[in-house]
Structures are given as C-alpha cells and as structure tokens.
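A.B. asks: fold the following, please.
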Amino acid sequence: MNKRRVVITGIGIVSPLGNTTEATWNGVLESRSGVAKITRFDASAFSANIAAEIKNWDPSLYIEAKEIKKHDIFSQFSMGAAAQAWADAKLEGHKYEAAKMGCILGIGIGGLSTLEEYHAAYLQGGPRKISPFLIPRMISNLGPGNIAIQYGLKGINFTITSACTSSTHALGESCRMIASGIQDMVVAGGTESAVTPIGVGGFCSLRALSTRNDEPEKASRPFDRDRDGFVLGEGAAIVILESLEHAEKRGAKIYAEMAGYGASCDAFHITAPTENGEGAVACMRLALEDAGMKPSDVDYVNAHGTSTNFNDTSETAAIKTVFGDYAKKGLMVSSTKSMTGHLLGAAGAIEASFCALGIKEGIVPPTINLDNPGEGCDLDYVPHVPRKHKIKAAMSNSFGFGGTNASIILKPFNG
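C.D. replies: Here you go, the predicted structure:
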C-alpha cells in the first residue's frame with residue numbers, strides 16, 4: 001500500500017521568546033535570548049538560578065476562568081498552543097470524521113508543579129489538604145486529553161514520554177498514523193513546564209545546567225568553547241498534521257511536508273550519549289531512508305544542540321558520519337536552544353516548528369552566543385544571525401536520557 005503524504009497546516013507556539021507563534025518567530029529573527037533570572041520561585045540557593053521561563057502568561061485567553069484550576073501549567077501551555085494551531089489551520093467548520101482525528105503530545109515530565117504544591121499541602125495539613133484535582137492536573141496524558149475534549153477529537157489520543165525526544169517521537173508517530181490511513185488529522189507536538197524547585201534542583205544535582213547566572217542571555221551557547229551546560233526552558237508547540245488529500249480538499253495553507261522519520265536507541269548509558277553518536281547516526285539515516293533522500297538532499301539540520309560538552313561534540317561527530325564531506329560543504333546546522341533554552345519534552349516540537357517556518361519563509365534560524373567554536377565543533381552553525389536561504393529539506397534531531405533518539409525531515413510542499 002502506498003503511503004499517504006502528510007503536511008503541516010497549522011502551527012501554535014507558547015515559548016520563552018513569546019506567547020504566540022508570531023512573537024516567538026520574531027524573537028528567532030531578532031536572534032533574541034529568552035533566558036533570564038528565575039521569577040517563579042526563589043532560586044537563589046541553587047547553583048543555577050536562571051531559566052527560559054514563559055513571561056506574562058494569561059491562561060484565561062484560552063481556558064474559561066472556572067476551568068483554569070483544573071490545569072497544571074504544562075497543560076495550560078498546550079491548550080494555548082493548540083488553540084493557536086487550530087485557528088491557524090482554519091479548522092472551524094471542518095468536515096473530518098471525529099474518529100479519524102487524534103492528538104498525540106510529547107511530555108517528558110508532566111505536572112511537576114502540581115505534585116510539589118500538593119505534597120507541601122499534605123505535609124502541612126494532612127490528607128484533607130490534597131485536592132481532587134491533583135491527579136487529573138498532574139498526569140501527562142491529560143495534555144492531549146484536554147485538547148481532545150476541547151475540539152471533539154475521538155481518534156488516537158495519548159502521550160509519548162521519552163525524555164527530550166518526546167515530541168519528536170510524537171510528530172513522527174502521528175505522521176505514520178496519517179500516512180498509513182489510521183488517522184486523517186492529528187494535533188501533534190509537545191508541552192513542558194519543569195521550572196520548579198525540584199525540576200531545577202534535580203538538573204543542578206546532575207551538574208547539567210549552566211551556572212552563568214550573571215549573564216543569563218549568554219548562558220545557552222551550543223557548540224561554543226565556553227559552554228557550561230544547558231538552560232532549562234518551558235513552553236509548548238503544536239502543529240496540525242493532516243493528509244495531503246484532506247488538506248487540499250479544504251483548501252488549507254501548507255507550511256511544509258513531513259517527509260521522513262527515524263528513531264533509535266543507544267542502549268549505552270542513562271544520561272550520556274555514545275562518544276561517536278552511534279544512535280544519532282542510526283536515527284538520522286533511518287529518517288533519510290524513510291524520506292527516500294540522500295544526505296545531500298538536506299541542507300539544514302536543526303540540531304539537538306543542548307550546550308553541553310557531551311551532546312555538542314557527539315552530535316557533531318554523528319552529523320559528519322551521516323553527511324560525510326557534504327557536512328562541511330553546504331550543510332547548515334544550528335541550535336535554536338541557544339534562544340529558547342531546552343524545553344525538554346517540548347523541544348522537538350518547537351524545533352520542528354522552526355524548521356517549518358524557515359522552509360515557508362526561506363530563513364535558516366541562527367545559533368546565538370557562538371563566539372568561539374569548541375574542540376570538534378567545526379561545522380557551519382549559522383552563528384549569531386538568521387540566514388536567508390531557500391531550504392531544500394530540513395532535518396530536526398532530538399536525543400534524550402536513556403539513549404532515546406529521533407530525527408524527522410521536513411521539505412517544501414511542491415504539489
């Protein structure tokens with residue numbers, strides 16, 4: 001059976017650069033950092049007291065006032081991003097069969113702030129202080145569940161939790177379901193909010209976070225010699241994926257076509273990648289195979305690019321292995337985490353969204369804060385400013401704790 005073609009027809013973003021897709025993309029085009037001092041709680045005792053937080057968040061724009069208390073902040077973000085994507089795709093009055101409309105989100109952690117809140121309430125006042133909203137607010141599958149309830153999506157509905165690869169897996173698996181005919185449309189992406197005392201404290205104890213506390217906007221510096229860890233971010237990115245046939249039937253605008261997906265596992269270490277990036281090599285090659293492309297058909301890679309020594313060198317090595325001599329002769333690579341921080345389970349979705357927007361507008365996003373490339377980091381990382389370029393095809397990489405890896409490939413829609 002021939003696979004159906006799958007396209008992106010709507011994008012919604014809530015990010016540290018802005019609470020809408022337009023504001024976020026403008027931040028990328030301005031090479032702006034979304035990193036600042038943590039404001040949500042007193043983080044002065046932590047080795048890292050900076051993060052890429054959402055600013056001026058107003059959930060009442062997307063959720064009825066009486067319903068807000070039922071949503072952890074990670075769910076609020078996804079509801080906001082989904083509303084934007086739904087409107088962008090102009091799905092009001094659609095003719096889809098509800099059972100063929102699904103929602104799959106990647107969420108690495110879930111309602112951490114809710115768990116902390118009610119654990120503290122229990123310690124102070126006992127079991128009677130635990131809210132009946134605790135479990136529905138905390139569990140990650142209510143991210144896509146709440147979106148399904150809002151829009152009447154009666155098809156596939158679940159969460160993928162695979163650390164920092166979660167939402168790239170969500171996009172890839174959604175694409176497979178549409179391509180095979182299981183679904184006609186899927187609201188897909190990721191959401192995350194782990195900027196909490198336990199979230200920050202946990203990553204600090206791993207010594208994974210940047211401690212450039214006096215220069216927050218310069219702290220996330222992928223591939224740079226002076227990088228010292230990643231910056232924790234939060235937010236959500238949702239795209240509308242649908243079969244080309246249905247998109248054309250309703251006259252939808254198309255950002256890009258989703259051409260390939262590959263996934264693998266290092267089976268090596270709980271937090272560190274292999275030195276030569278073996279798992280990353282495998283998933284990139286699988287994505288190319290799925291897309292029916294040669295390495296030279298891709299001219300932009302949105303790297304996982306976390307700003308850690310482990311990731312940046314191993315991913316660069318993996319890209320060189322996959323792309324060969326072409327890696328230094330025409331391939332552009334950038335890490336948008338330099339601006340947004342690391343959105344954990346939502347990282348892949350926002351980075352895929354940047355690929356789609358870049359394809360649509362002919363712009364390659366930059367890697368900011370790249371002043372002196374580190375040892376082994378010798379590719380074209382599009383330093384400091386965006387680059388005007390008509391993208392032939394874009395690959396987006398995500399790698400997570402436990403050795404989980406995924407890559408997707410987007411290309412312009414050419415009829």
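A.B. asks: ok, and the closest non-adjacent residue to the most centrally placed residue in the chain?
C.D. replies: Closest residue to the average C-alpha location of the chain: residue 347 at 2.4 Å, with CA atoms, centre = their mean. The shortest distance from residue 347 to any non-neighbouring residue, by CB to CB, 6 or more residues apart in numbering, is to residue 164 (5.6 Å). Placement of C-beta: from N, CA and C, glycine included.
A.B. asks: the one you found and residue 157: what is the separation?
C.D. replies: If you measure residue 164 against residue 157 using CB to CB, to the nearest Å, the figure is 22 Å.
A.B. asks: neighbour count: those two, which is higher?
C.D. replies: Neighbours per residue (other CB atoms under 10 Å) separate residue 164 from residue 157, with residue 164 holding more: 29 against 19.
A.B. asks: what's opposite the more buried one in the beta bridge?
C.D. replies: Residue 164 has these beta-bridge partners by DSSP bridges: residue 162.
A.B. asks: all strands in the stretch 251-400 of the chain, in order from the N-terminus.
C.D. replies: Secondary structure of the stretch 251-400 of the chain (DSSP state E, counting those that start in this stretch): strands at 256-265, 300-302, 332-334, 363-364, 387-388, 394-400.
A.B. asks: report the rounded mean pLDDT for the third one.
C.D. replies: What it means is strand 332-334. Average pLDDT, strand 332-334: 98.
A.B. asks: touching it from outside, list them.
C.D. replies: With contact meaning CB atoms under 8 Å, 6 or more residues apart in numbering, strand 332-334 is reached by 299-303, 305, 316, 319, 364-367, 379-382, 387, 389.
A.B. asks: among those residues, which are located in helices?
C.D. replies: Among those, DSSP state H puts 316, 319 in helices.
A.B. asks: out of the contacts of strand 332-334, which are buried?
C.D. replies: Among these, those buried by neighbour count (16 or more other CB atoms under 10 Å) are 299-303, 305, 316, 319, 364-367, 379-382, 387.
A.B. asks: count the neighbours of the residue nearest to residue 318 when sequence neighbours are not counted for me.
C.D. replies: Distance criterion CB to CB, 6+ apart; nearest residue to residue 318, sequence neighbours excluded, is residue 277 at 2.9 Å. By the measure other CB under 10 Å, the count of residues near residue 277 is 25.
A.B. asks: picking up where we left off before, any chance of the strands of the stretch 251-400 of the chain in JSON lines, with distance to residue 104 too?
C.D. replies: Listed next are the strands of the stretch 251-400 of the chain as JSON lines, based on distance: least, CB to CB, whole Å:
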{"stretch": "strand 256-265", "distance to residue 104": "13"}
{"stretch": "strand 300-302", "distance to residue 104": "20"}
{"stretch": "strand 332-334", "distance to residue 104": "27"}
{"stretch": "strand 363-364", "distance to residue 104": "28"}
{"stretch": "strand 387-388", "distance to residue 104": "32"}
{"stretch": "strand 394-400", "distance to residue 104": "15"}
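A.B. asks: and the ones you listed, which is most packed in?
C.D. replies: The highest mean neighbour count among the strands of the stretch 251-400 of the chain, using mean count of other CB atoms under 10 Å, belongs to strand 394-400: a mean of 29.
A.B. asks: export that one as CSV, just CAs?
C.D. replies: Output of strand 394-400 as CSV, limited to C-alpha atoms (Å, rounded to 0.1, in the frame of the first residue of the first chain):
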residue,chain,number,x,y,z
ALA,A,394,15.4,20.3,7.0
MET,A,395,16.2,17.6,9.5
SER,A,396,15.4,18.1,13.2
ASN,A,397,17.2,16.0,15.8
SER,A,398,16.2,15.1,19.3
PHE,A,399,18.2,12.9,21.8
GLY,A,400,17.2,12.1,25.3
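A.B. asks: just the element for residue 140, please.
C.D. replies: Counting by DSSP states H and E, no helix or strand carries residue 140.
A.B. asks: so what's it up against?
C.D. replies: Counted by CB under 8 Å, 6+ apart, residue 140 has contacts 74, 105, 107, 109-111, 159, 161.
A.B. asks: which ones are touching the residue nearest to it when sequence neighbours are not counted?
C.D. replies: Nearest residue to residue 140, sequence neighbours excluded (CB to CB, 6+ apart): residue 110, at 3.6 Å. Counting by CB under 8 Å, 6+ apart, residue 110 touches 72, 74, 138-140, 143, 161.
A.B. asks: ok, so of these, who is nearest residue 91?
C.D. replies: The closest of those to residue 91 turns out to be residue 143 (CB to CB; 19.0 Å).
A.B. asks: hang on, that closest one packs against residue 193?
C.D. replies: No. Taking contacts as CB atoms under 8 Å, residue 143 lies outside contact range of residue 193: 10.7 Å.
A.B. asks: tell me, what's touching the two both at once?
C.D. replies: The contact sets of residue 143 and residue 193 overlap at residue 74 (CB under 8 Å, 6+ apart).
A.B. asks: so which of the strands of the stretch 251-400 of the chain is nearest residue 352?
C.D. replies: Residue 352 sits nearest to strand 394-400 of all these, at 4.8 Å, using CB to CB.
A.B. asks: quick check: angle from that closest one to strand 256-265?
C.D. replies: 30 degrees (axes from the mean of the first three to the mean of the last three CA atoms, to 10 degrees).
A.B. asks: just checking: what are the partner strands of strand 394-400?
C.D. replies: Paired with strand 394-400 in the same sheet, following DSSP bridges, are strand 300-302 (parallel), strand 404-411 (antiparallel).
A.B. asks: gap between it and the chain center?
C.D. replies: 9 Å (CA atoms, centre = their mean, to the nearest Å).
A.B. asks: list of residues touching that strand?
C.D. replies: The contact list for strand 394-400 (CB under 8 Å, 6+ apart) reads 108, 162-169, 256, 273, 279-280, 283-284, 287, 298-304, 311, 315, 347-348, 351-352, 355, 358-359, 405-411.
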